[in-house]
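Asks: just a sequence and a predicted model for now, questions to come.
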Amino acid sequence: MGESAGEQTRSSPYRLVAEISTGLEPEGVAVDALAQRAYVACARSNVVSVVDLSRAEVVAEVTVGHEPMDIAFDQATGRLFTADLLGETVSVVDTSTLRLVGSVPVGSYPSGLALDGGRRRLYCGCALSARVDVVDVDTLEQVGSYAADAGAGAVAVDLERARVYAANFLAGTVTAADGVERRVLGEIEVGAAPCALAVNPSRGELYVASSFADAVTRVDLETFAVLGTMSVDRTPVGAAISLSGDRLYVSNRGAGTVSVLGAADASEWARIPVGEGPGGCTVDPATGRLLVANAGSSTLSVVEDLLAERPVAAPEPPRHELLGRRLPPFALPDASTGLTRTSREWAERKYILNFFASW
């Protein structure tokens, strides 16, 4: 069920319209603007949650392949596609009946999708195969593929130039290819662990969110030249362009926020708090509202951006409530020896804490 969030203060740069519970660990989101539905790929539930945006609630769930990560919607056929990470398939759903109607075999670890509706092609980044597979969205057949680089995941299409971009998470590069001839045009060096792409046709730029670098790289679509970088909050993993093209939204998994970045001035305009562990995001073409899939809280945030232009003051960096306070005493067993270690051992000494998180 949806949960209305109410309006923020008059000075707030955003309004949280709704926070909607979905299936487990949603990662990707797509919108049917005509029906005012959102479709959310829920990786741990192996379902797509169907959200009625006017009612702000989930109205159905459709079972798809194993661990759907990304999602794309074709308005012409009313078909929905999911990249099934552990199933090595692209699932196909008929949104008029909300039934699974097909499954297309693709490469290993498919984790990103991008649709070229005019040319009737769906591009799927297959991370462990280090390639991009091409699917005919009418015949539901794989019609080819081309090599990318290690960890090829997120993909984006430049419709005007008929080019396709693949973010290579392990290689730290983006592969640029001709989408018609399936021919690689070049490799673009970007920040560490690129995992989200967004094409801005109004400015002729590609934006690459690099999760380990906490930054977004700007790339010229004509020359593939790197134009600069923009700093964001912790661990950016999702990106979307506003309808006007004047700003970029970047979901920051490590902070539970969305950074609003000015496309012209390459600066951060605002930070919007959303759910926990935000991942994929998109903009509703009908309303301009931002939709964010929050893997950590298993919710979909619906946000209205209230900024008319760049604000006078930049957003203040978030400050954790424990920052600056003394370390509380603790005692824990050593994983190697079983002996109890206490915080007193490190009193008045400098030390490094090493945290490791598995994807």
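Replies: Done, it's in. Because the structure is predicted, anything quoted here is derived from the model rather than measured.

Asks: so what's the residue count around Ser12?
Replies: For Ser12, the neighbour count with other CB atoms under 10 Å is 13. Any C-beta I mention is one placed from the backbone N, CA and C, and that applies to glycine too.

Asks: what mean pLDDT does the helix or strand that contains Val93 have?
Replies: Assessed by DSSP states H and E, Val93 sits inside strand 89-94. Averaging pLDDT along strand 89-94 yields 98.

Asks: how far off centre is that strand?
Replies: 19 Å (CA atoms, centre = their mean, to the nearest Å).

Asks: going forward, begin numbering at 12 instead of 1
Replies: Noted, 12 is the first residue going forward, which turns the last one into strand 100-105.

Asks: just how off-centre is the next helix or strand after it within its chain?
Replies: Reading on from strand 100-105 to the C-terminus, the next helix or strand found by DSSP H and E is strand 110-116. Counting by CA atoms, centre = their mean, strand 110-116 is centred 23 Å from the centre of its parent chain.

Asks: now the angle between strand 100-105 and strand 110-116, please.
Replies: Here the directions of strand 110-116 and strand 100-105 differ by 150 degrees (axes from the mean of the first three to the mean of the last three CA atoms, to 10 degrees).

Asks: which positions in strand 110-116 come out as buried?
Replies: Leu111, Ser114, Val115 (16 or more other CB atoms under 10 Å).

Asks: got CSV for those residues, with distance to Glu287 and pLDDT too?
Replies: Formatted as CSV, the buried residues of strand 110-116 follow (distance: CB to CB, whole Å; pLDDT from 0 to 100):
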residue, distance to Glu287, pLDDT
Leu111, 29, 98
Ser114, 31, 97
Val115, 32, 98
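
Asks: need these in TSV with distance to Thr33, can you?
Replies: Formatted as TSV, the buried residues of strand 110-116 follow (distance: CB to CB, whole Å):
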residue	distance to Thr33
Leu111	18
Ser114	22
Val115	24
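
Asks: state whether Arg355 is indeed within a helix.
Replies: Yes: Arg355: assigned to a helix according to DSSP: H, G, I helix; E, B strand; the rest coil.

Asks: wait, isn't it in contact with Leu338?
Replies: No: with contacts counted by CB atoms under 8 Å, Arg355 stays clear of Leu338, the gap being 10.5 Å.

Asks: quick one: common contacting residues for these two?
Replies: Contact criterion CB atoms under 8 Å, 6 or more residues apart in numbering; no residue bridges Arg355 and Leu338 by contacting each.

Asks: in the strand holding Val104, what counts as buried?
Replies: Buried-residue list, strand 100-105, by 16+ other CB under 10 Å: Thr100, Val101, Ser102, Val103, Val104.

Asks: same thing with stretch 71-87?
Replies: Glu72, Val73, Val75, Gly76, Glu78, Pro79, Met80, Asp81, Ile82, Ala83, Phe84, Asp85.

Asks: nearest to Ala319, of those residues?
Replies: Phe84 (29.4 Å; CB to CB).

Asks: my read is that the closest one contacts Tyr50, right?
Replies: Yes: contact criterion CB under 8 Å: Phe84 and Tyr50 qualify, at 6.3 Å.

Asks: between those two, which contacts overlap?
Replies: Ala41, Val42, Asp43, Leu91, Thr106.

Asks: among these, which ones are in strands?
Replies: Filtering the shared contacts of Phe84 and Tyr50 for membership in strands, criterion DSSP state E, returns Ala41, Val42, Asp43, Leu91.

Asks: just say helix, strand or coil for Leu259.
Replies: Leu259 ends up strand, using three-state DSSP.

Asks: that one reaches Val227, doesn't it?
Replies: Yes: using CB under 8 Å, Leu259 is in contact with Val227, at 7.0 Å.

Asks: okay, and the helix or strand of the protein with the least pLDDT?
Replies: strand 13-15 (a mean of 48; mean pLDDT, DSSP states H and E).

Asks: rewinding a little: filter the shared contacts of Phe84 and Tyr50 down to the buried ones, PyMOL style.
Replies: The following PyMOL line selects those of the shared contacts of Phe84 and Tyr50 that are buried, judged by 16+ other CB under 10 Å:
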select buried, resi 41+42+43+91+106
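
Asks: now the shared contacts of Phe84 and Tyr50 in CSV, with distance to Ser270?
Replies: Listed next are the shared contacts of Phe84 and Tyr50 as CSV, based on distance: CB to CB, whole Å:
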residue, distance to Ser270
Ala41, 21
Val42, 21
Asp43, 27
Leu91, 28
Thr106, 31
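
Asks: closest to Val61 out of the shared contacts of Phe84 and Tyr50?
Replies: Using CB to CB, these come closest to Val61 at Thr106, 7.9 Å.
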